[in-house]
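Novice: Starting from these lines, generate the structure:
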Amino acid sequence: MFRAGTFCAAFLLFLVQPLVGRWLLPVFGGTPAVWSTCLMFFQTTLFAGYLWAHVGGRWLLPRTQARGHTFLIVLAVATLFVWPLQAPTPDESLQQPQLWVLAWLLRTVGPAFVVLAATAPLLQRWWVGITNQPPYKLYALSNAGSLLALLSYPLWIEPLLALPVQASLWRTAYFGFAALVLVAGALAMRARETAALPPSFTPSWPQRVLWLSLSAAPSLLLVAVTNHITIDVASGPLLWVLPLGIYLFSFVLVFGPLASRGRSLFALLWVLCVLVLGINLFLAGKTGLWRQISVSLGLLLSGCLLCHGELVRLRPPATGLTSFYLWLSGGGALGGGLGALVAPLVLVGFFELQVAVLLVFGLMFVSHRQCAFDSKFRPRVPRVLFLGLGVGVPLMLATIWLGSTSRFKDAQVLWRQRGFFGLVQVTRFKDITALTHGRIRHGMQWNDPQKRREPTMYFARETAVGQALQNLKPNQPRRIVVLGLGAGTLATYARANDVFVFLEINPHMALAAQRHFSFLREAQGRVEVKVGDGRSLLRREGSGSVDALVLDAFSSDAVPTHLLTQEAFALYQRVLKPEGILVANVSNRHLAVERVVAGGAQRFGWTYKVFESASDPLRGSTLVRWVVAAAAESILDPLHLGTAQALRGEPLVWTDARSSVVSILR
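Specialist: Next up, the predicted model:
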């Protein structure tokens, strides 16, 4: 029963994390910061659960502890009835999205999560009271349950079940878990009254600081690696659970079969991954997708094994169990908070990955010094780490300098701002001024006054969107709605009586376009910029009021999946005029986005065509793929879009409840 309770608590604990993250993701345009904030919340509530287990086990009588935990279980069950999991609808004008996410999570799953978090250490402490045996194998079993939940969600649960069904099944399983724990607690309390508990263990403050630091560094590394691999692909359950699964897998290994073995191999893997990561950062994301992901995950695994391996060697006797777990969870919450809340406020770029690497190197050095003065901490840190310290640290510092400097040989950073929706930067070169979001350039304007009104990059005149907006209703006023602002380049196609409406979720992007580029100011027609989620703002458009709808809403190179679902296309069909057109930018290095756009168009009986334009540096145009769709082919013919390309792969339909980037990986 103890094993079953421990496993179920861990399984449900880590199953609900990607589930609620998936609920929240579309609300904020698919930004990876949603998952970072969720991670921080879960780590903080995990700490709250471990704090209750520690306080209850140390200062409360068994019966009082059992009654208190029973009350928490009843409260959690009641909360799940009052606040069932469902899609939230926050105010689009919200200024503090992190706080809104935290409040929503606290209200819906907070009490249930605290109970799940507290159950594993409580059961393990009760196990010690009954059997007087070490509980660390139960801890490994707990992490195995967590790992199984994380693997099950993107591979089986998400593809097979709609979100409301997932939430309903999880809630039902939680009720069964609550009944199991209540029975186990009653049995444990009865048995424990006749069992003598060994004397309590009180750790020293240096031990506590080491526990806290060695658990905070991998937690920060987890958040940083997750951001690193999701910001340029798509934020979703698969790319969330891979890093989190590796993080948990390291606990399973070091508290189970590996214990103190394999240390030199982990150190060698760590140093190699740091060196390759540094090279990738200098190449600014130009390396392949799988190389980026594999190196990042290898870095996370080796860093976690090193730090968590030290925790195994520093673990206390069984009587210090809840105190040990408390400081571990506190370090996890600290690392998550640094990555999700502090880093966006104090760092000008996404440098938390480099900071985490430097922190791991520092902790290994401190551990080595600890070994030198205390023989019980042997074996010493492998020598290869000091080779990595001499090369890896300067390399990480160099990448931080490169990403934060304002002046280069032929360029100057005019403006740089990091927020919840990513990093926006405006850089002035000799001939152009460029706008980048993450690692991807999203807009460009010529510095020459004679060429400033010339559309560039993905929006050049010879591209499909350029031809469509030039030839659409040449002698009539038009209402054009664009999801995604960029530098505002498409405003150059506005005529005197046109209305161009740009919907942009990132307020920093809107500031950059209005302050540092003249496309919006010099447009001939009327231009409106509205800040908020595209789907939420688009619902305010009247039925049949839009002549052309342009989809160009990408965070760095990531895809906002909620703009490509069947429900989104139903909204597009409602706001478009019968002769209106849909134009979608499907350029992506890693994902075949055109398959989903084609599937959505096909679902509503539209005609669609795929067009590709070559790069022309002299004219400022970039290689780009657009899908243009309309109710009939006769609507597309007068637009003179050029020669259509064959669709690569079969059309694919996504829904709000079911969508996965795995299905469109190139």
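Novice: now residue 426, what's its secondary structure?
Specialist: The assignment at residue 426 comes out as strand when based on DSSP: H, G, I helix; E, B strand; the rest coil.
Novice: residue ranges for the helices of the stretch 51-200 of the chain, please.
Specialist: Under the criterion DSSP state H, counting those that start in this stretch, helices of the stretch 51-200 of the chain are mapped to 62-82, 97-108, 110-131, 136-152, 158-160, 163-192.
Novice: If you count contacts, what does the first one end up packed against?
Specialist: For helix 62-82, the elements it packs on are helix 33-59, helix 110-131, helix 163-192, judged by 3 or more CB pairs under 8 Å, 6 or more residues apart in numbering; DSSP states H and E. Heads up, the C-betas are built off the backbone N, CA and C, glycines and all.
Novice: can you pull the pLDDT of residue 133?
Specialist: For residue 133, the pLDDT comes out at 68.
Novice: I'd like a version of the helices of the stretch 51-200 of the chain in TSV, one that adds distance to residue 583 as further columns.
Specialist: As requested, the helices of the stretch 51-200 of the chain are arranged in TSV below (distance: least, CB to CB, whole Å):
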stretch	distance to residue 583
helix 62-82	44
helix 97-108	29
helix 110-131	43
helix 136-152	38
helix 158-160	30
helix 163-192	29
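Novice: Return the most buried member of those.
Specialist: helix 110-131 (a mean of 24; mean count of other CB atoms under 10 Å).
Novice: Tell me which other helices or strands that one touches.
Specialist: Judged by 3+ CB pairs under 8 Å, 6+ apart, the packing partners of helix 110-131 are helix 2-24, helix 33-59, helix 62-82, helix 136-152, helix 163-192, helix 321-337.
Novice: and the angle for the second one with helix 97-108?
Specialist: Right, the one you point to is helix 33-59. Orientation check (axes from the mean of the first three to the mean of the last three CA atoms, to 10 degrees): helix 33-59 against helix 97-108 gives 50 degrees.
Novice: Then the fifth one?
Specialist: Interaxial angle of helix 163-192 relative to helix 97-108 (the same axes, to 10 degrees): 60 degrees.
Novice: Would you agree residue 40 is in contact with residue 337?
Specialist: Yes - between residue 40 and residue 337 there is a contact at 5.3 Å, judged by CB atoms under 8 Å.
Novice: so which of the helices and strands packed on helix 62-82 comes closest to residue 280?
Specialist: Of all these, helix 33-59 sits nearest to residue 280, with 20.5 Å by CB to CB.
Novice: show me where the chain has strands.
Specialist: All strands of the chain, identified by DSSP state E, fall at 411-419, 422-429, 432-437, 440-446, 479-483, 499-504, 526-531, 546-551, 576-585, 607-613, 624-630.
Novice: Which positions in the first one come out as buried?
Specialist: Within strand 411-419, the residues that qualify as buried are 413, 415, 416, 417, 418, 419, counting by 16 or more other CB atoms under 10 Å.
Novice: before we move on, back to that, would you turn the strands of the chain into TSV with distance to residue 563 and mean pLDDT?
Specialist: Shown next, in TSV, are these (distance: least, CB to CB, whole Å; pLDDT from 0 to 100):
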stretch	distance to residue 563	mean pLDDT
strand 411-419	20	87
strand 422-429	16	89
strand 432-437	16	91
strand 440-446	16	88
strand 479-483	6	94
strand 499-504	10	93
strand 526-531	15	92
strand 546-551	6	94
strand 576-585	9	94
strand 607-613	16	91
strand 624-630	13	92
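Novice: Quick one: closest of the ones you listed to residue 343.
Specialist: It's strand 411-419; of these, that one is closest to residue 343 (CB to CB) at 8.5 Å.
Novice: Check which helices and strands the closest one is in contact with.
Specialist: On a contact count with 3+ CB pairs under 8 Å, 6+ apart, strand 411-419 meets strand 422-429, helix 507-516.
Novice: which residues sit against that strand?
Specialist: Contact with strand 411-419 is made by 344, 347-350, 405-407, 423-430, 433, 506-508, 511-512, 515-516, as judged by CB atoms under 8 Å, 6 or more residues apart in numbering.
Novice: What residues does residue 430 make contact with?
Specialist: Contacts of residue 430 by CB under 8 Å, 6+ apart are 410, 411, 447.
Novice: pLDDT wise, what is the first one at?
Specialist: Think residue 410. pLDDT for residue 410: 80.
Novice: ok, now which ones touch it?
Specialist: Residues near residue 410 by CB under 8 Å, 6+ apart: 429, 430.
Novice: can you rerun that using 10 Å?
Specialist: Residues near residue 410 by CB atoms under 10 Å, 6 or more residues apart in numbering: 428, 429, 430, 431.
Novice: would a markdown table of the residues you listed with distance to residue 300 be doable?
Specialist: Formatted as a markdown table, the contacts of residue 410 follow (distance: CB to CB, whole Å):
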| residue | distance to residue 300 |
| --- | --- |
| 428 | 36 |
| 429 | 35 |
| 430 | 40 |
| 431 | 40 |
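Novice: Going by neighbour count, which of those comes out on top?
Specialist: residue 428 (17 neighbours; other CB atoms under 10 Å).
Novice: Surely that one and residue 434 touch.
Specialist: Yes - counting by CB atoms under 10 Å, residue 434 is a contact partner of residue 428 at 8.0 Å.
Novice: Between these two, which contacts overlap?
Specialist: Common neighbours of residue 428 and residue 434, counting by CB under 10 Å, 6+ apart, are 411, 414, 445, 516.
Novice: partner residues bridging the third one?
Specialist: Residue 445 has these beta-bridge partners by DSSP bridges: residue 433.
Novice: The chain should start at 5 in everything you say after this.
Specialist: With the count now opening at 5, the last piece we talked about shows up as residue 449.
Novice: The residue nearest to residue 523 when sequence neighbours are not counted - how many residues pack around it?
Specialist: Leaving aside its sequence neighbours, residue 523 sits nearest to residue 492 (CB to CB, 6 or more residues apart in numbering; 4.0 Å). Neighbour count for residue 492, taken as other CB under 10 Å: 29.
Novice: Pull the contacting residues for residue 492.
Specialist: Contacts for residue 492 (CB under 10 Å, 6+ apart) come out as 439, 447, 449, 463, 486, 504, 506, 508, 513-514, 516-518, 521-527, 531, 533.
Novice: can you check residue 475 too?
Specialist: The neighbours of residue 475, taking CB under 10 Å, 6+ apart as the test, are 642, 643, 644, 645.
Novice: measure residue 23 to residue 171 for me?
Specialist: Applying CB to CB, to the nearest Å, the value for residue 23 to residue 171 is 7 Å.
Novice: just to revisit the earlier point, put the buried members of the contacts of strand 415-423 into a ChimeraX selection.
Specialist: Command for ChimeraX, covering only those of the contacts of strand 415-423 found buried under the criterion 16+ other CB under 10 Å:
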select :348,351,352,353,354,427,428,429,430,431,432,437,510,511,512,516,520
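Novice: tally of neighbours for residue 235?
Specialist: For residue 235, the tally of surrounding residues (other CB under 10 Å) stands at 24.
Novice: actually residue 160, not the one I typed
Specialist: Residue 160 has 10 neighbours, counted by other CB under 10 Å.
Novice: how close does it sit to residue 341?
Specialist: In terms of CB to CB, residue 160 sits 32 Å off from residue 341.
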